[in-house]
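Student: sequence unknown, structure follows:
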């Protein structure tokens, strides 16, 4: 007597629900057993046409939905524990659901973050995936946005701006044309938009060293401004130090994209953090051991001024826009 | 330099985020401090045009979004702790957001379940609210769907079928005409659709007495079948014992709606549970003390047959449809 919804859940999502607290998705709720750790909770949704494109491969949509949340946990110094998902679909077709569930299951295993429960609803509108993810930290050890102090190093992981350029390519603009025959660069940028790399492997290092941290989701410039506001500090960034992929660097050098497109585009899902100067060498060493690329891009300053981006000559780069905003 | 999204969150939702672990919604994640209790997690979404109507008052939409989740927690014997919310909006207008946030805040206070965090995204499609709610139980004490045993009493809270009739009225069909001049009945049924009454006050009693429990969201018949399947049992229901509101009873007596519309309509958000026979008197007394109406409607039977609904003469009532399904 199972409904279509139950069949769908059993077929596609029960295999992803490997945690005993999920009860194989046969109950109304999941249980997270009491432990000595704090539970860190984050929630992020992605919407068709806003955060992903209708033609994106379904497995990449699933991966992005989970990874944007894993990125938040990593930035808070939390180890993934599990997640719940709301999936709003127009229709429940195998051709879409099968690769979606496969991608979700592979990432759940890869990052040690099993499906605990969820809700599947029909919608006449765009597909939407809302995930709430849970992570663990030792008691009182969640890394906050506040805590940055004057003199701290400002650090980012990976490279900045790739995902926004990947989106620009998919939207078929000047960026796509400027890349010319660089097929590898083109594919890399698109992949960076579709499948973020959450820095889960850096979570413990962030917990051990960072005075403040957040993930870069709306744009480095705007997210840095938020971190500074929360910490009651200012910042100076050396624009030339902002790490770029070869493809992004080539586009910037060729004049096809400006600095603002790099630092205000969003969808990076890299970690932005501040590290006390006297611990920076140890932090960099720990990050290297974890195989995570980190780059020092500036310094926390006293005061409440907006973060400043300086060019090679020390001149300030004015930004019209700091980040993506939904409204 | 706050974006529209940040302003929206600060204006409308920060006042609802009264738990210290929410950090006033200024961080990327919330923290639930380690405690000796298990954490029960449930997630339910409501979609415009599917779970609520575009013209429903915004405060009732907020209340329904939260209450459908509180209903799940209560059925699991869990005390509300907090919730996170994803809000997908076409536009962020004050006229809608103000009453929405007011209703959400009032219910959060009423049920002791504060906002811990969330995500606000733009969508070109229907408004959607996805809530993940957290509750606490003593270790190992979450009440499951399985656990019902032959001989247990089958019990429901409140009255069944009202919400489905309320929706039928809003959709302007024969039910609305049949109610005639019964304005109070009409308003009551609509209210039952728009604003469920989660049985939060019964959570501890459920935890103390129920051998199995779930909330009735898709229809009593279908949800009972799910509970029986999970427990590996069958059930016999005395159709005349299914508790009806005066308005629903009048509609059924007048022949305007059949039994199936009552037990397969869904949106009840009452608790369905099973109570060992030798503890039923104590359970009923505890429910009375909690001010919660409970009705015994049948008996758990051995076997794997589908639940049977018997009329006054002991004849079986055949149901074409057991519950609402999205797909």
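Tutor: In hand now; what should we look at? In this text, all values refer to a predicted model and were calculated from it rather than measured experimentally. Residues are numbered from 1 along each chain as shown, chains lettered A, B, ... in the order given.
Student: from residue A:248, how far out is residue A:263?
Tutor: As judged by Cβ to Cβ, to the nearest Å, residue A:263 and residue A:248 stand 11 Å apart. Quick note: C-beta positions are derived from backbone N, CA and C, even for glycine.
Student: who touches both of those two?
Tutor: A:160, A:161 (Cβ atoms under 8 Å, 6 or more residues apart in numbering or on different chains).
Student: who's more crowded, those two?
Tutor: Neighbour totals were compared for residue A:263 and residue A:248, and residue A:263 leads with 30 against 26 (other Cβ atoms under 10 Å in any protein chain shown).
Student: quick one: residues contacting that one.
Tutor: Residues near residue A:263 by Cβ under 8 Å, 6+ apart: A:160, A:161, A:219, A:220, A:221, A:242, A:309, A:319.
Student: repeat that for 10 Å
Tutor: Listed by Cβ atoms under 10 Å, 6 or more residues apart in numbering or on different chains, the contact partners of residue A:263 are A:160-161, A:164, A:216, A:219-224, A:237, A:239, A:242, A:297, A:307, A:309, A:317, A:319, A:321-323.
Student: could you do residue A:12 as well?
Tutor: Per Cβ under 10 Å, 6+ apart, neighbours of residue A:12: A:87, A:92, A:94, A:97, A:98, A:100, A:101, A:102, A:104, A:105, A:120.
Student: SS state for whichever residue of the stretch 1-150 of chain A sits closest to chain B?
Tutor: Nearest residue of the stretch 1-150 of chain A to chain B: residue A:125, at 1.8 Å (Cβ to the nearest Cβ). State at residue A:125, reduced to three classes by DSSP: H, G, I helix; E, B strand; the rest coil: coil.
Student: check residue A:63 too.
Tutor: Strictly by three-state DSSP, residue A:63 counts as helix.
Student: do you know how far residue A:142 is from residue B:27?
Tutor: Using Cβ to Cβ, residue A:142 is found at 8 Å from residue B:27.
Student: intersection of neighbour lists for these two?
Tutor: Counting by Cβ under 10 Å, 6+ apart, the residues touching both residue A:142 and residue B:27 are A:40, A:76, B:21.
Student: I figured the first one was touching residue A:76, is that so?
Tutor: Yes. With the criterion set as Cβ atoms under 10 Å, residue A:40 and residue A:76 qualify as a contacting pair; they are 5.2 Å apart.
Student: overlap in contacts, these two.
Tutor: Counting by Cβ under 10 Å, 6+ apart, the residues touching both residue A:40 and residue A:76 are A:135, A:137, A:141, A:142, A:143, A:203, B:27, B:28, B:29, B:30, B:31.
Student: biggest separation within the residues you listed, which pair?
Tutor: A:203 and B:30 (16.8 Å; Cβ to Cβ).
Student: if we can go back for a sec, what about chain B: which of the contacts of residue A:12 touch it?
Tutor: Under the cut-off given by Cβ under 10 Å from any Cβ of the partner chain, chain B has A:87, A:92, A:120 from the contacts of residue A:12 close to it.
Student: hang on, the second one in a strand?
Tutor: No. Inclusion of residue A:92 in a strand is not indicated when three-state DSSP is applied; the result is coil.
Student: ok, now how distant is it from residue A:27?
Tutor: Applying Cβ to Cβ to residue A:92 and residue A:27 gives a distance of 21 Å.
Student: more neighbours, the two?
Tutor: Shown here are residue A:92 and residue A:27; by other Cβ under 10 Å, residue A:27 has more neighbours (26 against 18).
Student: got the contact list for that one?
Tutor: Applying Cβ under 10 Å, 6+ apart to residue A:27 gives the contacts A:21, A:117, B:40, B:42, B:72, B:75-76, B:142-146, B:212, B:214, B:226-227, B:230.
Student: give me phi/psi at it?
Tutor: With angles defined as degrees, to the nearest 10, residue A:27 sits at phi -120, psi -180.
Student: helix or strand right after the least confident helix or strand in chain A by mean pLDDT?
Tutor: Every helix and strand in chain A was compared by mean pLDDT, DSSP states H and E; the lowest is helix A:4-8, with a mean of 82. Scanning forward in sequence from helix A:4-8 by DSSP states H and E, the next helix or strand is strand A:30-32.
Student: partners of whatever helix or strand comes next after that following strand in the sheet?
Tutor: Using DSSP H and E, the helix or strand that follows strand A:30-32 in sequence is strand A:38-47. Strand A:38-47 has its sheet partners listed here by DSSP bridges as strand A:128-137 (antiparallel), strand B:30-32 (antiparallel).
Student: ok, residues contacting the shortest one?
Tutor: Translated: strand B:30-32. Defining contact as Cβ under 10 Å, 6+ apart, one finds that strand B:30-32 is touched by A:32, A:38-43, A:76, A:78, A:134-135, A:137, A:139-142, A:144, B:17, B:19-23, B:39, B:81-84, B:114-118, B:134, B:136.
Student: show me which residues of the stretch 201-327 of chain A sit near chain B.
Tutor: A:212-215, A:217-219, A:221-223, A:225-230, A:306-307, A:319, A:321-327.
Student: need the contact list for the residue nearest in space to the middle of chain A.
Tutor: Centroid-nearest residue in chain A: residue A:269, 2.7 Å away (criterion: Cα atoms, centre = their mean). Shown in contact with residue A:269 (Cβ under 10 Å, 6+ apart): A:44, A:64, A:67-72, A:74-75, A:157-158, A:163, A:192, A:195-199, A:215-217.
Student: any of those buried? List them.
Tutor: With burial judged by 16 or more other Cβ atoms under 10 Å in any protein chain shown, the buried subset of these is A:44, A:64, A:67-72, A:74-75, A:157-158, A:163, A:192, A:195-199, A:215-217.
Student: in strands, which of those residues appear?
Tutor: A:44, A:157, A:215, A:216 (DSSP state E).
Student: what is residue A:213 paired to in the beta sheet?
Tutor: residue A:273.
Student: typo on my end, it should be residue A:118
Tutor: Under the criterion used here (DSSP bridges), residue A:118 is bridged to residue A:85.
Student: let me know the pLDDT of residue A:1.
Tutor: Looking at residue A:1, its pLDDT reads 38.
Student: same thing with residue A:124?
Tutor: 89.
Student: how about residue A:18: what's its closest non-neighbour residue?
Tutor: Closest residue to residue A:18 apart from its sequence neighbours, by Cβ to Cβ, 6 or more residues apart in numbering or on different chains: residue A:114 at 4.5 Å.
Student: just give me the neighbour total for that neighbour.
Tutor: Residues within reach of residue A:114, counting by other Cβ under 10 Å, total 20.
Student: what does the one 4 residues further on give?
Tutor: One way to gauge burial is a neighbour count; for residue A:118, by other Cβ under 10 Å, it gives 28.
Student: so of the strands paired with strand A:38-47, which one's packed in deepest?
Tutor: strand A:128-137 (a mean of 28; mean count of other Cβ atoms under 10 Å in any protein chain shown).
Student: thinking again about what came up before, make a markdown table from the contacts of residue A:12 and add secondary structure and pLDDT to it.
Tutor: Shown next, in a markdown table, are those (DSSP: H, G, I helix; E, B strand; the rest coil; pLDDT from 0 to 100):
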| residue | secondary structure | pLDDT |
| --- | --- | --- |
| A:87 | strand | 95 |
| A:92 | coil | 78 |
| A:94 | helix | 90 |
| A:97 | helix | 94 |
| A:98 | helix | 94 |
| A:100 | helix | 96 |
| A:101 | helix | 95 |
| A:102 | helix | 95 |
| A:104 | helix | 96 |
| A:105 | helix | 95 |
| A:120 | strand | 91 |
